[in-house]
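Trainee: this one's sequence-less:
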């Protein structure tokens, strides 16, 4: 093990990065540079622990990890599935929970019969294609959009959409409902395969400590609910 080598983390900008660093702080891993709102740095370091952190847009995190620019990444499972990169998905961090769903107006439920040829609007064409073609065996036309997906069935662009659902309030406000759930989502830790082999002791040690914290938090939350 090379103790002089930095372990590099690619974190998804925004809430996931903030929650990840809060989790790391419970392990004694801090990076004060990241707390400076006026900082223009792109890479942040913890010199004592030989760690580097940088922030990236969600879809870019798996790319950085696959190509070894980052050893470890934290990203939503939706992005992992959509990007299809060669990496190890090793830990569910338990936050950022939501669902990938097929949504639309209630009458569209009858069209999800495996026989009807329909149009599906989505930001996640690979996930949508895999679900309809490989799981439902239903032929559909996938329409890639980048903006407000809920608009597509309202204006007649598609019969249904495939999108992330958190509370469902946006759907309800626009007369749409969840028709089918594709899969649950949350923030995940991904690791570069070569890094896992070369830095196995450091990475597995970190993952073990993270898992202990997550398990403890889940137990505390369960106790509170009781």
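Mentor: Structure received. Computed from a predicted structure; not experimentally measured. Numbers count the residues shown, from 1 in each chain.
Trainee: centre of the chain to the longest helix seen in the chain, how far?
Mentor: Counting by DSSP state H, the longest helix found in the chain is helix 200-225. Using C-alpha atoms, centre = their mean, to the nearest Å, the distance from the centre of helix 200-225 to the centre of the chain it belongs to is 19 Å.
Trainee: what helices or strands is it leaning on?
Mentor: strand 7-12, helix 15-25, strand 88-92, strand 187-191 (3 or more C-beta pairs under 8 Å, 6 or more residues apart in numbering; DSSP states H and E). Glycine gets a C-beta too; all of them are placed from N, C-alpha and C.
Trainee: hey, least reliable of the ones you listed by pLDDT?
Mentor: Mean pLDDT values for those show the minimum at helix 15-25, a mean of 93.
Trainee: taking helix 200-225 as reference, get the angle to that one.
Mentor: When axes from the mean of the first three to the mean of the last three C-alpha atoms, to 10 degrees is applied, the directions of helix 15-25 and helix 200-225 differ by 100 degrees.
Trainee: which elements pack onto helix 15-25?
Mentor: strand 7-12, strand 72-76, strand 187-191, helix 200-225.
Trainee: could the helices and strands packed on helix 200-225 go into TSV alongside mean neighbour count and distance to residue 161?
Mentor: Converted to TSV, the helices and strands packed on helix 200-225 look like this (neighbours: other C-beta atoms under 10 Å; distance: least, C-beta to C-beta, whole Å):
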stretch	mean neighbour count	distance to residue 161
strand 7-12	24	23
helix 15-25	17	23
strand 88-92	16	25
strand 187-191	23	23
